[in-house]
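Colleague: Test case, fold it:
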Amino acid sequence: MTLSSEVPAVDMGQDRRLILGQAIGSMYRDVAWAAGWRTMYRETGWMNVGYWDDGATDLPAACAALFRQLLDRVPGPLGLVLEVACGLGEGAAVIAGTGRADMVLGVNLLPPQVDIAARRTPEARFAAMDAVRLAIADASIDTIICVEAAMHFDSRADFFREAFRVLKPGGRLLVADCLTLYATGAFPHSNVLSGTPAYAGQLLRMGFRSVHLDEVTERTWLPFIAHAETWVEAALTAGRIDPAEGALQLDVIRSMRGPLWGAYVLVDAIRPAGPA
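Modeller: Numbering: from 1, shown residues only. Next up is the predicted model:
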């Protein structure tokens, strides 16, 4: 069974956030879980754009490198790690594989993805949970990591507030994110920001300190587009993917150069040990 056949459609009901979850689920099912797209990811559970400065030659290697880029920002042990929007558990496996985490908990809004992650990554624990309403005790987490999902949350600011609440004093938030310049579909208006200073300001207003934000579009977003476009074009020429599916994928890839997208950023921030 391939991953594209393993991921079912999701009926999330009519709650405002669950409607957003339906939009996100539909987006990933129609594009990211299409058979050709999954072949590009070598039938792994990865779905991010990756980090391409670490000698990565394919998408799974680049995706793992992106997680390592964030985790390397934490000196010493990671402690109890919460991965928010954990997808199918590939990131949780990387975190557990560092040997630096006491435990890894992955949470995701979409229960079918949680079920698959739990089957695929037994070295971590998983639960269905809303990123902006975490069912987790105050000051109980050492490290939070969230990769390419905060732009979907309603809202990103509410996620930052929840992250601050559940982190222990001295705990660290790690985020890979892409700024969106207007609202559409699975990208809420509440997350539209004018630029990276506004992003950092949002974290500071929530109480975070030691906020570091690196714009890495040319090492993440742009090389992914180039890699994906080349791969799909070659697969179409060789007849390895359905022509209609390949045309849709090329449209999606090329739209990633469009006006919706701003900077791709890597972020780390600390909940201070004393008063913010």
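
Colleague: on contacts alone, who are the packing partners of whichever strand or helix holds G262?
Modeller: Here G262 sits within strand 261-270, counting by DSSP states H and E. On a contact count with 3 or more Cβ pairs under 8 Å, 6 or more residues apart in numbering; DSSP states H and E, strand 261-270 meets helix 59-71, strand 167-180, helix 196-206, strand 209-215. C-beta here means a position set from N, CA and C on the backbone, and glycine is covered the same way.

Colleague: just so I know, which of those lies nearest T230?
Modeller: helix 59-71 (11.8 Å; Cβ to Cβ).

Colleague: Convert that closest one to PDB, retaining C-alpha atoms only.
Modeller: Once non-C-alpha atoms are left out, helix 59-71 reads as follows in PDB (Å, rounded to 0.1, in the frame of the first residue of the first chain):
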ATOM      1  CA  LEU A  59      13.800  15.400  -0.900                       C
ATOM      2  CA  PRO A  60      13.800  13.000   2.000                       C
ATOM      3  CA  ALA A  61      17.400  14.000   2.800                       C
ATOM      4  CA  ALA A  62      16.600  17.700   2.500                       C
ATOM      5  CA  CYS A  63      13.500  17.300   4.700                       C
ATOM      6  CA  ALA A  64      15.600  15.700   7.500                       C
ATOM      7  CA  ALA A  65      18.200  18.400   7.100                       C
ATOM      8  CA  LEU A  66      15.600  21.000   7.800                       C
ATOM      9  CA  PHE A  67      14.700  19.400  11.100                       C
ATOM     10  CA  ARG A  68      18.400  19.200  12.000                       C
ATOM     11  CA  GLN A  69      18.800  22.900  11.200                       C
ATOM     12  CA  LEU A  70      16.200  23.700  13.800                       C
ATOM     13  CA  LEU A  71      17.300  21.100  16.400                       C
END
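
Colleague: Any buried residues in it, and which?
Modeller: Residues L59, P60, A61, A62, C63, A64, A65, L66, F67, Q69, L70, L71 are the ones in helix 59-71 that count as buried (16 or more other Cβ atoms under 10 Å).

Colleague: Could you export those as JSON lines, including distance to P122 and pLDDT?
Modeller: Formatted as JSON lines, those follow (distance: Cβ to Cβ, whole Å; pLDDT from 0 to 100):
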{"residue": "L59", "distance to P122": "24", "pLDDT": "94"}
{"residue": "P60", "distance to P122": "19", "pLDDT": "95"}
{"residue": "A61", "distance to P122": "23", "pLDDT": "95"}
{"residue": "A62", "distance to P122": "25", "pLDDT": "97"}
{"residue": "C63", "distance to P122": "20", "pLDDT": "97"}
{"residue": "A64", "distance to P122": "18", "pLDDT": "96"}
{"residue": "A65", "distance to P122": "24", "pLDDT": "96"}
{"residue": "L66", "distance to P122": "23", "pLDDT": "97"}
{"residue": "F67", "distance to P122": "18", "pLDDT": "98"}
{"residue": "Q69", "distance to P122": "25", "pLDDT": "97"}
{"residue": "L70", "distance to P122": "23", "pLDDT": "98"}
{"residue": "L71", "distance to P122": "20", "pLDDT": "98"}
